[in-house]
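can't give you the sequence, but here's the structure:
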């Protein structure tokens, strides 16, 4: 038998370390970040772990080596995580009169501080909204702007703070809003707002969330030294602990609501996190039901960051989901979903 090369042995050692980290990342969504704040950062890396495990699986498989079983087993165990990372085919069910569309978009203050060299961002965002023509529109990092045209919406819940520089969230609706409110987070500028909306004879509650930001630069070329890397790592850990508390406040609030519920917005965390699992609960993730591809919603170079979500209770049928990553008018991309309220059994009689 030919002796295995040093390179092959080193490669399989890396494969084993990767498998261990991947299994650890699988467990972390079930553990509160405040228990293991530094380890929780690994959930952000799980998409990369899955991709590299697939690469290792192919490498060993092409060489007809049993080593392929390790990454193959890792991928098999994490099959539910893979569906959160990538959708191979979308669902686009027939449009019916009972359907309604919801758009969620972190608009980054309509480029108020000119992060983008485009003076027309407010107007361009207005055009995007008008083109999709959603029935319900949820905007995070919203600020009043005269150039933003939202004339199709008769009803709204706008919650902004500040004197000169107003900042907050907004829900706009073509349907009547009969109740509105917000959930404030302690020691944070972020929050959740909600609106009870009457569609035909049904009342639904829509939450728009904006959780604590981890404040990671979108510039992959930014120079990182050791001290800065440790600072960023610590900052992410602290943000995750805050997000845990925020997610618990959201869940406590929506469990007290009897209406069918939709939760959307910028969660600032991955689909592999404790925070995602806690907020989603028994709801459906619209991307997992009807999305396509990676569902990347944050403009982070070379990494498929999906941090904007639409969760809907089983009362709703999710018929279509779109993430438009060609619209580069913010550091986020708009997400759009088409839904229908399922008929109740008594309605069919």
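All right, it came through fine. In this text, all values refer to a predicted model and were calculated from it rather than measured experimentally. Residues are numbered from 1 along each chain as shown.

ok, residue 39 touching residue 24?
Yes. In this structure, residue 39 sits in contact with residue 24. The criterion is C-beta atoms under 8 Å, and the distance is 7.0 Å. Placement of C-beta: from N, CA and C, glycine included.

shared neighbours, these two?
By C-beta atoms under 8 Å, 6 or more residues apart in numbering, residue 39 and residue 24 have no common neighbours.

I'd assumed residue 190 was in contact with residue 213.
Yes. Between residue 213 and residue 190 there is a contact under C-beta under 8 Å: 7.3 Å.

and the two? which has more neighbours close in?
With other C-beta atoms under 10 Å as the criterion, residue 213 and residue 190 differ in neighbour count, and residue 190 comes out ahead with 20 against 17.

okay, now the residue lying closest to residue 155 once chain neighbours are set aside: neighbour count?
Computed as C-beta to C-beta, 6 or more residues apart in numbering, the closest residue to residue 155 that is not its neighbour in sequence is residue 177, at 4.2 Å. Residues contacting residue 177 under the criterion other C-beta under 10 Å number 20.

So which residues of this protein form helices?
6-27, 42-62, 68-77, 79-85, 121-132, 226-254, 274-280, 286-290, 345-348 (DSSP state H).

Residue 92 is nearest to which of those?
With C-beta to C-beta as the criterion, residue 92 lies closest to helix 286-290 of the helices of the chain, at 7.4 Å.

Which other helices and strands does that closest one contact?
Using 3 or more C-beta pairs under 8 Å, 6 or more residues apart in numbering; DSSP states H and E as the contact criterion, the secondary-structure elements in contact with helix 286-290 are helix 79-85, strand 308-312, strand 316-323, strand 335-341.

and it, how far from the chain's centre?
Once both centres are worked out by C-alpha atoms, centre = their mean, to the nearest Å, helix 286-290 turns out to sit 12 Å from its chain's centre.

Pull the residues that contact it.
Residues lying outside helix 286-290 but in contact with it, judged by C-beta under 8 Å, 6+ apart, are 83-84, 87, 90-93, 295, 306, 309-312, 318-321, 323, 335, 337, 339.

Swap in 10 Å and give it another go.
Counting by C-beta atoms under 10 Å, 6 or more residues apart in numbering, the neighbours of helix 286-290 from elsewhere in the structure are 80, 83-84, 87, 89-93, 102, 104, 262, 264, 271, 280, 284, 293-295, 297, 306, 308-312, 316-323, 335-339.

which of those residues count as buried?
Judged by neighbour count, with 16 or more other C-beta atoms under 10 Å as the criterion, the buried members of these are 84, 87, 102, 104, 262, 264, 271, 280, 284, 294-295, 297, 306, 308-312, 316-323, 335-339.

Give me the buried positions along stretch 276-284.
Counting neighbours by 16+ other C-beta under 10 Å, stretch 276-284 gives 276, 278, 279, 280, 283, 284 as buried.

And those residues, which two are furthest apart?
Among these, the pair separated by the greatest distance (C-beta to C-beta) is 278 and 284, at 15.6 Å.

Residue 130 contacts residue 150, correct?
Yes. Under the criterion of C-beta atoms under 10 Å, residue 130 is in contact with residue 150, at a separation of 8.8 Å.

In contact with residue 313, which residues?
When contacts are counted by C-beta under 10 Å, 6+ apart, residue 313 is found next to 204-205, 254, 259-263, 281-284, 342.

And for residue 324?
With contact taken as C-beta under 10 Å, 6+ apart, residue 324 is in contact with 103, 105, 128, 131, 132, 297, 333, 334, 335, 336.

quick one: which of these is nearest to residue 20?
Checking the contacts of residue 324 against residue 20 by C-beta to C-beta gives residue 297 as the nearest, at 29.4 Å.

List the contacts of stretch 121-133.
Contacting residues not belonging to stretch 121-133 are listed as 101, 103, 105, 107-112, 114-116, 118, 120, 137, 139, 143, 145-153, 172, 174, 322, 324, 326-330, 334, 336 [C-beta under 10 Å, 6+ apart].
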